[in-house]
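> Please find the sequence and the predicted model below.
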Amino acid sequence: MDEEKIEQKVEVTGRARVRNIIQVGKIVIRHPSVWQKAVWGFLSKNRGFIVVAIVLEAALAVVYLHFRDLYLIPLWRWNLAAMLLTAATWGWYTWGWYERTRIKLVLTSLATLCLVGVVSWQTGQIAFPERFAPRVFGIAVAELGEGPDFQRTAKAREISGQVYEHLYDAIRKEFPDESSDTRRVGPRRIGVIPDSQTAQAYGERIWADVVIWGQVLTSKERGVTIRFQVIETPDRAVNPEFPLVLPVTTKSADMYVSEFDLESDQAKEVIVQQSTIIASFTLGLRAYFDRNYPEAVRQFEFAAQAMEENPLLTISEQGKSLLYFYLGRANHGMGRIEQGQYWLGLAQKGNSKEPAVHIGLALGYGSLGQDQERDANLRLALDLGNIWLETHPYDTAGMYDRGIIYEILGQYQNAIYDFEAVIERDPNYYVAYISLGVNASKLGRFKQAEDSLRAAIALAERTGTNSSWAHLNLALVYDKFDKPDLAKAEYQKAVALAPEVDSMYYSYARFLENQQETDAALLAYQKMAEVTRNKGWGYGNLADFLKRRGLLEQARDNYELAVHARPEDALLHAYLAETYFELGEVDNALREFEEAIKHSEDLYYVYASYAGALFQLGNFEHAAQMYERSLELRPIDYPVLLNLGQTYENLDQREKAKDLYFRILSWSDHFPEEATHTACKRLRALGVENPCR
């Protein structure tokens with residue numbers, strides 16, 4: 001027997017000592033002085049296990065360090081996995097080399113199963129992170145990292161907590177009863193993300209609409225940078241009458257708080273104010289994508305005011321431009337065209353190279369009847385879009401925006417090329433299928449339009465997206481190609497899938513009106529006015545329908561409701577004034593025309609309509625002034641040119657009248673043939689011989 005070891009009949013676990021004999025597991029040491037030698041012998045004998053264990057534990061540690069901050073993996077979970085890994089490895093090693101007992105096999109198998117369960121659970125969370133539901137406006141709030149290596153420090157966690165809690169409180173305040181809201185708002189904390197591009201990609205992966213990402217700087221001027229990442233969600237706002245364009249040169253609003261001491265009360269107050277802006281901007285986006293434009297305007301205006309009034313917050317010009325862009329488009333959605341143009345003008349000053357801003361301006365100028373400004377902005381937007389795509393050829397949002405420009409310009413084939421390219425690069429780009437179908441329909445390609453919209457419906461059903469807009473546009477296609485039964489069925493599906501969306505009822509009501517189903521159309525218009533958040537628009541369209549049906553008193557009542565809901569809308573005042581005038585309520589009509597003029601500087605129609613009423617009342621001098629103002633805003637307008645000529649005839653200013661009629665003849669290419677004949681007739685009446693040779 002080796003004098004360094006002693007055979008024993010009893011089993012001893014752990015550590016035992018009898019006089020000068022120490023036993024640790026299978027190692028028996030006669031004297032403590034040889035402890036190091038015995039340990040070395042154990043390590044030498046089991047070096048294979050030790051090497052394998054070190055490699056496995058190191059791999060586990062590397063994976064943990066790589067993913068812990070992003071997925072907020074707690075330390076206890078890694079410790080548990082490390083202990084289970086050691087136990088399982090040692091168990092299989094000793095079972096294979098020393099003792100193959102049933103109890104050891106059971107214990108080792110149990111440890112292995114627990115290890116696999118823990119690792120699989122965490123791996124599943126990493127590989128398949130929980131996504132936001134399709135009907136939830138997802139807000140992912142990233143933990144702030146500190147320093148260039150984005151460490152998850154106590155300071156960063158504290159500031160992240162402030163941002164998250166403030167956002168959560170704002171959401172709870174705005175939506176105390178989520179069940180009554182059409183689409184819930186869901187904030188969720190995610191881990192530390194090292195850069196804004198990764199933040200955007202991760203947000204898209206979990207179906208977030210907005211990612212709030214930031215960093216705690218540790219330079220001399222210690223501060224906080226928070227960037228808003230606007231994740232593209234075109235499937236939520238696909239309105240053919242309100243094209244969704246997304247900024248491509250800037251998708252984040254940078255805010256910088258410069259403070260020497262982030263622990264000071266002043267710095268904490270600034271962070272609270274910063275969080276307020278973040279919450280308002282985020283909730284504004286939520287309302288904008290849901291077409292709740294009044295709420296979007298309220299939130300964006302609050303954020304803009306807070307930015308302008310806080311001197312301790314430094315906000316990039318491009319960041320301000322992004323906010324002003326959405327504020328301008330939200331005003332457009334409310335029908336407040338002039339206010340929208342104002343904010344888009346500020347957006348242009350902050351970022352003149354953004355195509356989406358110029359598209360928005362072009363749409364506004366089109367609504368105001370200022371065609372030259374509209375076309376100039378479209379050409380500029382197209383040039384900027386081409387420049388952007390030269391350096392970012394795979395930017396699907398940029399490609400989609402360019403397709404929208406082509407569509408507005410009437411270049412439908414070019415638009416189709418872009419929408420097809422978008423689909424090729426991103427087969428899940430839902431809105432591109434709809435836009436492709438719309439443009440194919442405009443070119444008379446029924447089969448292509450139908451196939452594209454059917455593909456949009458299939459994609460929506462496959463991905464959990466609401467397919468109502470695809471059904472609506474398919475209905476429009478069937479209606480255009482004289483398939484009323486199929487169109488009606490698609491309209492009904494669209495309404496059933498989105499009963500809270502006013503545009504569904506509006507399109508359906510117009511279809512029913514054209515089909516002479518007057519009672520059903522009235523019900524659809526009334527439902528539209530009931531569900532819409534934009535009551536001025538809703539009651540205005542209902543009033544338009546009633547007026548077309550000759551129901552002037554009911555039309556007047558609904559115009560009054562529309563004006564009450566949107567008192568700054570010049571067109572609504574003008575429509576109400578026209579209705580008063582037709583009902584013989586002249587004083588009320590003149591009052592409303594004056595209100596329309598007060599709220600309008602750029603709407604030619606308001607001046608032309610007012611002038612027509614003044615002409616009928618015999619107030620020719622005032623009528624001439626209104627017609628002249630209308631022509632300043634829209635110089636090539638045949639009815640106004642003709643009416644102003646007749647007004648000058650009544651004022652016995654014959655030379656001015658002749659000049660206007662000759663102007664009609666010189667622009668005959670822009671007018672119908674009837675215009676030329678009428679101008680010739682008036683000139684002959686004024687003594688001009690052979691004016692139209």
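All right, it came through fine.
> What residues does residue 622 make contact with?
residue 614 (CB atoms under 8 Å, 6 or more residues apart in numbering). Where you see a C-beta, it was placed from the backbone N, CA and C, and this is true even at glycine.
> make it 10 Å
610, 611, 613, 614, 615, 647 (CB atoms under 10 Å, 6 or more residues apart in numbering).
> Give me the buried stretch members for the helix or strand where it lies, please.
According to DSSP states H and E, residue 622 maps onto helix 620-633. Neighbour counts over helix 620-633 (16 or more other CB atoms under 10 Å) mark 620, 623, 624, 625, 626, 627, 629, 630, 631, 633 as buried.
> same thing with stretch 398-417?
398-409, 412, 414-417.
> before we move on, back to that, mind checking which of the contacts of residue 622 are buried?
Buried residues within the contacts of residue 622, counting neighbours by 16+ other CB under 10 Å: 610, 611, 613, 614, 615, 647.
> of all the residues you listed, which comes closest to residue 586?
Residue 586 lies nearest to residue 613 out of the buried ones among the contacts of residue 622, by CB to CB, at 8.4 Å.
> Could you tell me whether the closest one really is in a strand?
No: checked against DSSP: H, G, I helix; E, B strand; the rest coil, residue 613 lies outside a strand; its state is helix.
> What is the nearest of the contacts of residue 622 to residue 201?
Checking the contacts of residue 622 one by one against residue 201 (CB to CB), the nearest turns out to be residue 610, at 54.4 Å.
> residue contacts, that closest one?
Residues counted as contacts of residue 610 (CB under 10 Å, 6+ apart) are 574, 577-578, 581, 589-590, 592-594, 596-597, 600, 622-623, 625-627, 629-630.
> 6 Å instead?
Neighbouring residues of residue 610 by CB atoms under 6 Å, 6 or more residues apart in numbering: 593, 626.
> and it, helix, strand or coil?
helix.
> Could I get the average pLDDT for stretch 313-329?
In this model, stretch 313-329 has a mean pLDDT of 86.
> On the secondary structure side, give me the element for residue 185.
Here residue 185 is assigned to strand 184-192, by DSSP H and E.
> Tell me which residues of that strand come out buried.
184, 185, 186, 187, 189, 190, 191, 192.
> Residue 317 contacts residue 350, correct?
Yes: if you go by CB atoms under 6 Å, residue 317 and residue 350 touch, sitting 4.3 Å apart.
> of these two, who's got more company?
residue 350 (20 against 12; other CB atoms under 10 Å).
> show me where pLDDT drops low in the stretch 1-150 of the chain?
1-47, 70, 99, 134-135, 149 (pLDDT under 70).
> Mind jotting down where the helices sit in the stretch 151-300 of the chain?
Secondary structure of the stretch 151-300 of the chain (DSSP state H, counting those that start in this stretch): helices at 154-174, 196-205, 265-289, 293-309.
> Could you say which one of those helices comes nearest to residue 137?
So among the helices of the stretch 151-300 of the chain, helix 265-289 is nearest, using CB to CB, at 4.4 Å.
> pLDDT on the closest one, on average?
Confidence over helix 265-289 (mean pLDDT, whole number) is 75.
> buried residues in that helix?
267, 270-271, 273-289.
> mind pulling up the phi and psi values for the closest residue to residue 153 other than its chain neighbours?
Nearest non-adjacent residue to residue 153, counting by CB to CB, 6 or more residues apart in numbering: residue 146, 4.5 Å away. Dihedral angles of residue 146 (phi, psi; degrees, to the nearest 10) stand at phi -110, psi 130.
> pLDDT wise, what is residue 618 at?
94.
> element containing it?
Assigned by DSSP H and E, residue 618 falls outside every helix and strand.
> Next, count neighbours for it.
Neighbour count of residue 618, defined by other CB under 10 Å: 8.
> what's the spacing between it and residue 586?
Distance, residue 618 to residue 586, by CB to CB, to the nearest Å: 12 Å.
> what does residue 155 give?
Residue 155 is 70 Å from residue 586, by CB to CB.
> Between these two, point out the one with more neighbours.
Per other CB under 10 Å, whichever of residue 155 and residue 586 has more neighbours is residue 155, with 17 against 13.
> Can you pull out the low-pLDDT segments for the protein?
For the chain (pLDDT under 70), the answer is 1-47, 70, 99, 134-135, 149, 174-184, 217-244, 253-271, 311-312, 693.
> can I see the domain layout of it?
46-127, 136-351, 501-600, 603-693 (automatic domain parsing).
> do you know which of those lies nearest residue 444?
Closest to residue 444 of the domains of the chain is domain 136-351 (CB to CB; 17.2 Å).
> Can you give me the end-to-end span of the closest one?
Using CA to CA, to the nearest Å, one end of domain 136-351 lies 31 Å from the other.
> now swap in stretch 94-106 and tell me
One end of stretch 94-106 sits 13 Å from the other (CA to CA).
> residues making contact with it?
Taking CB under 6 Å, 6+ apart as the rule, stretch 94-106 contacts residue 108.
> tell me which residues in it are buried?
94, 95.
> Over to stretch 64-84?
64, 67, 68, 69, 70, 73, 78, 81, 82, 84.
> which SSE is the last one in?
In this case it means residue 84. Assigned by DSSP H and E, residue 84 belongs to helix 75-97.
> ok, back up a step: let's have the helices of the stretch 151-300 of the chain in TSV, adding distance to residue 437.
Putting the helices of the stretch 151-300 of the chain into TSV (distance: least, CB to CB, whole Å) gives the following:
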stretch	distance to residue 437
helix 154-174	36
helix 196-205	24
helix 265-289	21
helix 293-309	25
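> Tell me which of those helices sits nearest to residue 464.
Per CB to CB, nearest to residue 464 of the helices of the stretch 151-300 of the chain: helix 196-205, 15.0 Å.
> quick one, the closest one and strand 184-192 angle?
Between the axes of helix 196-205 and strand 184-192, defined by axes from the mean of the first three to the mean of the last three CA atoms, to 10 degrees, the angle is 140 degrees.
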